[in-house]
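S.K.: Fold the following and give me the result.
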Amino acid sequence: AAKQNEMRHSNHDSAIRQQGNAISRLDARVEKLEQLPETITVLMLSSGPDDQIKLRQDKEAREIRDAIQRSKNRDSIIFEDRWAVRTEDLFQAINETGPIIIHFSGHGSKNGDLIMEDDLGCTKTVRPDTMARVLNTVTDNVRLLVFNACFSMEQAKAVTEYAEAAIGMGDSISDRAAIIFSSRFYSALGFGLSLQKAYDQACASLLFDCADEVDTPQLYVRDGLNPDELHYVEN
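M.R.: Next comes the predicted model:
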């Protein structure tokens, strides 16, 4: 009888601890949601030098805007876009809009450089460590970067030193796949899904029309963070 009572007490204590842990996790999630701002800004930076293949960035911007407008929390997301972006335009655009999310749309090179424009509209490359240092000056606001450009995986890896998360492309990505991925991703965020769920949905959406590119987008988060717990608008 004594052993049975001891076992019951032990099971009871274990159940209380489990309940306490569950409550702690719930409290932490509620606290994070309460800290979410009423509105966030997504800043799309588009660059398409004249000496590069033309991309349908206008269609990408339209699809992202439409996806946000059809989402549950459309009033919580402000979408800003800047075109023909040069390196010297980065600080101006970021300081003007104070984005939580920066979305780069353009070309990337196989060595991991982003391709932007110079004053004459021609190619100017930006190394991953350069973009990371730029980001280091605006980390008070920016939480997530999306590099919707070929071979931008190294850019995404580099900026997670300063931002909590980034998405880059591990290979070349077609115009069609880039547009499908980005529109589904921002739609999911607009419905209050976590970063991980939004990324998973965006990748899954490629299965219908661009199945061979489903593994191209890569998600990176800062050490110690869980993308399932990262939200940008309320659920």
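
S.K.: all helices of the protein, in order?
M.R.: Remark: helices assigned in the chain by DSSP state H are 2-35, 57-69, 89-97, 128-136, 153-159, 175-190, 195-209.

S.K.: wait, what's in contact with the nearest residue to residue 198 once chain neighbours are set aside?
M.R.: Residue nearest to residue 198 in three dimensions, not counting chain neighbours: residue 188, with 3.6 Å by CB to CB, 6 or more residues apart in numbering. For glycine as for every other residue, the C-beta is placed from the backbone atoms N, C-alpha and C. Residues near residue 188 by CB atoms under 8 Å, 6 or more residues apart in numbering: 197-198, 201-202.

S.K.: Run a quick neighbour tally on residue 49.
M.R.: Residues lying near residue 49 (other CB atoms under 10 Å) number 20.

S.K.: With the one 4 residues further on instead?
M.R.: By the other CB under 10 Å criterion, the neighbourhood of residue 53 contains 8 residues.

S.K.: What does the pLDDT read for it?
M.R.: Note for residue 53: predicted pLDDT of 87.

S.K.: Then the one 4 residues further on?
M.R.: Residue 57 carries a pLDDT value of 92.

S.K.: How much space separates the closest residue to it other than its chain neighbours from residue 221?
M.R.: Distance criterion CB to CB, 6+ apart; nearest residue to residue 57, sequence neighbours excluded, is residue 46 at 4.4 Å. Distance of residue 46 to residue 221, given as CB to CB, to the nearest Å: 25 Å.

S.K.: out of the two, which sits in the more crowded spot?
M.R.: Set residue 46 next to residue 221 and count neighbours by other CB under 10 Å: residue 46 wins out with 21 against 18.

S.K.: now the more buried one, which residues is it bridged with?
M.R.: Residue 46 has these beta-bridge partners by DSSP bridges: residue 105.

S.K.: Report whether the expected contact of it with residue 59 is present.
M.R.: No - the criterion here is CB atoms under 8 Å, and residue 46 misses it with residue 59 at 11.2 Å.

S.K.: Give me the neighbour count for residue 50.
M.R.: For residue 50, the count of nearby residues is 11 (other CB under 10 Å).

S.K.: That one contacts residue 118, doesn't it?
M.R.: No - using CB under 8 Å, residue 50 makes no contact with residue 118, being 10.3 Å away.

S.K.: List the residues that contact residue 105.
M.R.: When contacts are counted by CB under 8 Å, 6+ apart, residue 105 touches 44-47, 55, 57, 60-61, 148-149, 178, 182.

S.K.: And the helices of the chain, which one averages the lowest pLDDT?
M.R.: Looking at those, the bottom one is helix 2-35 with a mean of 60.

S.K.: Contacts only, for residue 64.
M.R.: With contact taken as CB under 8 Å, 6+ apart, residue 64 is in contact with 42, 44, 79, 103, 182-183, 186.

S.K.: Repeat the analysis, applying 6 Å as the threshold.
M.R.: Contacts for residue 64 (CB atoms under 6 Å, 6 or more residues apart in numbering) come out as 182-183, 186.

S.K.: Excluding covalently adjacent residues, which one is nearest to residue 152?
M.R.: Spatial nearest neighbour of residue 152, excluding adjacent residues (CB to CB, 6+ apart): residue 168 at 4.0 Å.

S.K.: burial count for that neighbour?
M.R.: With other CB under 10 Å as criterion, residue 168 counts 29.

S.K.: if I read this right, it contacts residue 155, doesn't it?
M.R.: Yes - assessed by CB atoms under 6 Å, residue 168 is found in contact with residue 155 at 5.4 Å.

S.K.: my read: residue 173 touches residue 216, true?
M.R.: Yes - in terms of CB under 6 Å, residue 173 counts as a neighbour of residue 216; the distance is 5.0 Å.
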